[in-house]
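In: Any chance you can model this:
(chains A and B)
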There are 2 protein chains.
Amino acid sequence: MRYELYYWAGIQGRGEFVRLALEQAGAEYVDVARQAGGETAMMRLLDGAGAEQLPFAPPFLKAGELIIAQTANILLHLGTHHGLAPADEAGRLWAHQLQLTIADFVDEAHDTHHPIASSLYYQDQRQEAMLRAADFLKSRAPKYLGYFERVLERNPAGPAHLVGAELTYPDLSLFQLVAGMRYAFPRAMARLELKHPRLLGLHDRVAALPRIAAYLASDRRIAFNEHGIFRHYPELDSEAQPKVTGNGDS
Amino acid sequence: MRYELYYWAGIQGRGEFVRLALEQAGAEYVDVARQAGGETAMMRLLDGAGAEQLPFAPPFLKAGELIIAQTANILLHLGTHHGLAPADEAGRLWAHQLQLTIADFVDEAHDTHHPIASSLYYQDQRQEAMLRAADFLKSRAPKYLGYFERVLERNPAGPAHLVGAELTYPDLSLFQLVAGMRYAFPRAMARLELKHPRLLGLHDRVAALPRIAAYLASDRRIAFNEHGIFRHYPELDSEAQPKVTGNGDS
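Out: This is a model prediction of the structure:
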């Protein structure tokens, strides 16, 4: 079966977590929106052409008759069918829990540049973005990265993977998270990385997996850019902490 | 087996989606943080006392030896074990996809009052909150509510439930979403409800389920308040649309 991945052409975004799983699985897939006429086809499915089970937003994956949306849900499915998830129930839940925590982090990384509205340009919410990014780099990113470092540290099978002794889909996603943070916040990450050796080890191991290495070197891997989730705006990657001024009634 | 639910005492929050499933399942459970010493016990588990599989944040559920975190993941587990999810794979994925979309909506509802930082008081981000809430009520809430209305409309088994002909866990969560929106944004919801009759029908049917009705009338149901996800701040529920001013470089 050839999978069809539907996601915005031109960005890694949330689709990248799915691409990494498809690539590591060695699955046959077409990145529909990157084909001629593909984005129109995607919009037709989003508008619900003929479907009973509508996706709310990309990414979504067509797997035979199934249309599966929500990144973590797609990975739940791919993980089970391609040996990228534990076989037992407890392991499957633990892997999915980690994936959902990665998804929360991704949402917060996105909101650093869009704290007010996704529908507005970054430039129209830049002041608010500087406030949100400062809190993100000071409190949220260290909390999440520290969490994943501890999960690796406590894995009874060793810190090579998040879950047990084998590669699972959250390992691939955590690689992407580190890569995205390095792109978006190089100054802050240079500082944060010092405290998270196991996380960096995982990043490097995933990057060196033969199929992932081949993918990253191919033109299937879209470069990070300022339309995706992880964007590099130097003013958001500052050491200085802008202060929220409040409005006088606190 | 008696489940142990760990969530902040005093708020519905994300824990409420789990409580509704436990109540409808007729499961035996203890709401740990509401017991004497319970919040200390919760913090000990969050700090990772003895556990290999750390939760990142509440809610989490102790089910025998398992500790399951992430609301949607807990519901995935409870749904399977208590007849609140479809038995087939396609149905299970569809139910989970809907739950993850509800989770996204809940995140956005939260960020209407905390667009800059969860660690700051509302009063210290009220101006930004007014901008974010205006966009939420104008664009995001109508998009999500319209989506769920269409899902109900297209259910081949009829609009009584989201998935097939039986009650599943996302039905319970969608009830809570409508209840929360009514509490937080009564003016906006009075307007929005007119366009979503199937959604309101679902809300009313869930509220009338004998076990849910008994729960809602009990003191186990915490009242909505201004510490949870859905908060009523009249200034955020305005018809007027404050304008983002930008900073001159767009």
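
In: any chance you could map the strands in chain A?
Out: Assignment of strands within chain A using DSSP state E yields the ranges A:3-6, A:29-31, A:60-63, A:66-69.

In: Most tightly packed of the ones you listed?
Out: Sort the strands of chain A by mean neighbour count, taking mean count of other CB atoms under 10 Å in any protein chain shown, and strand A:60-63 sits at the top with a mean of 24. Bear in mind the C-beta positions are built from the backbone N, C-alpha and C, glycine included.

In: what sits up against it?
Out: Residues lying outside strand A:60-63 but in contact with it, judged by CB atoms under 8 Å, 6 or more residues apart in numbering or on different chains, are A:1, A:3-6, A:18, A:45, A:67-69, A:74, A:77-78.

In: Kindly recompute the last result at 7 Å.
Out: Under the criterion CB atoms under 7 Å, 6 or more residues apart in numbering or on different chains, residues A:1, A:3, A:4, A:5, A:6, A:18, A:67, A:68, A:69, A:74, A:77 lie in contact with strand A:60-63.

In: Let's see that strand as PDB, backbone CA atoms only.
Out: Backbone C-alpha positions of strand A:60-63 (Å, rounded to 0.1, in the frame of the first residue of the first chain) are rendered in PDB as follows:
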ATOM      1  CA  PHE A  60      -3.600  13.800   7.600                       C
ATOM      2  CA  LEU A  61      -2.600  10.400   6.100                       C
ATOM      3  CA  LYS A  62      -4.600   8.300   3.700                       C
ATOM      4  CA  ALA A  63      -3.900   4.700   4.400                       C
END
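
In: for chain A, which spans come out with low pLDDT?
Out: Screening chain A residue by residue with the criterion pLDDT under 70, one finds the ranges A:50, A:239-250.

In: Which parts of it are helices?
Out: For chain A, helices defined by DSSP state H occupy the ranges A:15-25, A:38-46, A:71-81, A:89-113, A:126-135, A:141-154, A:169-184, A:186-193, A:197-208, A:210-217.

In: okay if I get these as JSON lines plus distance to residue B:57?
Out: Putting the helices of chain A into JSON lines (distance: least, CB to CB, whole Å) gives the following:
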{"stretch": "helix A:15-25", "distance to residue B:57": "21"}
{"stretch": "helix A:38-46", "distance to residue B:57": "31"}
{"stretch": "helix A:71-81", "distance to residue B:57": "16"}
{"stretch": "helix A:89-113", "distance to residue B:57": "8"}
{"stretch": "helix A:126-135", "distance to residue B:57": "16"}
{"stretch": "helix A:141-154", "distance to residue B:57": "9"}
{"stretch": "helix A:169-184", "distance to residue B:57": "17"}
{"stretch": "helix A:186-193", "distance to residue B:57": "20"}
{"stretch": "helix A:197-208", "distance to residue B:57": "19"}
{"stretch": "helix A:210-217", "distance to residue B:57": "30"}
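
In: a markdown table for these, including distance to chain B and mean neighbour count?
Out: Conversion of those to a markdown table gives the following (distance: least, CB to the nearest CB, whole Å; neighbours: other CB atoms under 10 Å in any protein chain shown):
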| stretch | distance to chain B | mean neighbour count |
| --- | --- | --- |
| helix A:15-25 | 13 | 24 |
| helix A:38-46 | 10 | 16 |
| helix A:71-81 | 5 | 24 |
| helix A:89-113 | 4 | 22 |
| helix A:126-135 | 4 | 23 |
| helix A:141-154 | 5 | 18 |
| helix A:169-184 | 12 | 23 |
| helix A:186-193 | 16 | 16 |
| helix A:197-208 | 14 | 17 |
| helix A:210-217 | 25 | 13 |
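
In: and the strands of chain A as a markdown table, adding distance to residue B:94?
Out: Shown next, in a markdown table, are the strands of chain A (distance: least, CB to CB, whole Å):
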| stretch | distance to residue B:94 |
| --- | --- |
| strand A:3-6 | 16 |
| strand A:29-31 | 21 |
| strand A:60-63 | 12 |
| strand A:66-69 | 8 |
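
In: which one of these lies closest to residue A:41?
Out: strand A:3-6 (7.8 Å; CB to CB).

In: Let me know how buried residue A:116 is, in neighbour terms.
Out: The local packing count at residue A:116 equals 26, with neighbours defined by other CB atoms under 10 Å in any protein chain shown.

In: you'd agree residue A:231 is up against residue A:113?
Out: Yes - under the contact definition of CB atoms under 7 Å, residue A:231 touches residue A:113, with a separation of 5.3 Å.

In: What sits closest to residue A:144 if chain neighbours are left out?
Out: With CB to CB, 6 or more residues apart in numbering or on different chains as the criterion, residue A:144 has its nearest non-adjacent residue at 4.7 Å, and that residue is residue A:105.

In: Then residue A:175?
Out: For residue A:175, the closest residue by CB to CB, 6+ apart turns out to be residue A:206, at 3.7 Å.

In: That neighbour and residue A:152, how far apart?
Out: As judged by CB to CB, to the nearest Å, residue A:206 and residue A:152 stand 13 Å apart.

In: now swap in residue A:172 and tell me
Out: Computed as CB to CB, the residue A:172 to residue A:152 distance reads 15 Å.

In: and what of residue A:74?
Out: Applying CB to CB, one obtains 24 Å for the distance of residue A:74 from residue A:152.

In: And for residue A:65?
Out: Here residue A:65 is placed at a distance of 38 Å from residue A:152 (CB to CB).

In: you'd agree residue A:17 is up against residue A:176?
Out: Yes - counting by CB under 7 Å, residue A:176 is a contact partner of residue A:17 at 6.0 Å.

In: For the nearest residue to residue A:192 once chain neighbours are set aside, give me its contacts.
Out: Distances taken as CB to CB, 6+ apart place residue A:145 nearest to residue A:192, at 5.9 Å, with adjacent residues excluded. Applying CB under 7 Å, 6+ apart, we find residue A:145 in contact with A:192, A:196, A:199.

In: nearest to residue A:54, of those?
Out: In terms of CB to CB, no member of the contacts of residue A:145 lies closer to residue A:54 than residue A:199, at 36.5 Å.

In: Pretty sure residue A:77 sits against residue B:93.
Out: Yes - at 6.0 Å, residue A:77 and residue B:93 qualify as touching, with contact defined as CB under 7 Å.

In: Can you check which residues contact both of the two?
Out: Looking at what touches both residue A:77 and residue B:93 (by CB under 7 Å, 6+ apart), the common residues are residue A:68.

In: quick revisit: will you turn the contacts of residue A:145 into a markdown table that also has distance to residue A:216?
Out: Formatted as a markdown table, the contacts of residue A:145 follow (distance: CB to CB, whole Å):
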| residue | distance to residue A:216 |
| --- | --- |
| A:192 | 22 |
| A:196 | 21 |
| A:199 | 18 |
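
In: wait, which of the residues you listed is closest to residue B:137?
Out: Closest approach between those and residue B:137, by CB to CB: residue A:192, at 36.1 Å.

In: Hmm, that closest one is touching residue A:140, no?
Out: No - contact between residue A:192 and residue A:140 fails when scored by CB under 7 Å: they sit 11.5 Å apart.

In: which residues touch residue A:31?
Out: In this structure, residue A:31 makes contact with residue A:5, judged by CB under 7 Å, 6+ apart.

In: cool, residue A:45 as well?
Out: The contact partners of residue A:45, by CB under 7 Å, 6+ apart, come to A:6, A:51, A:55.
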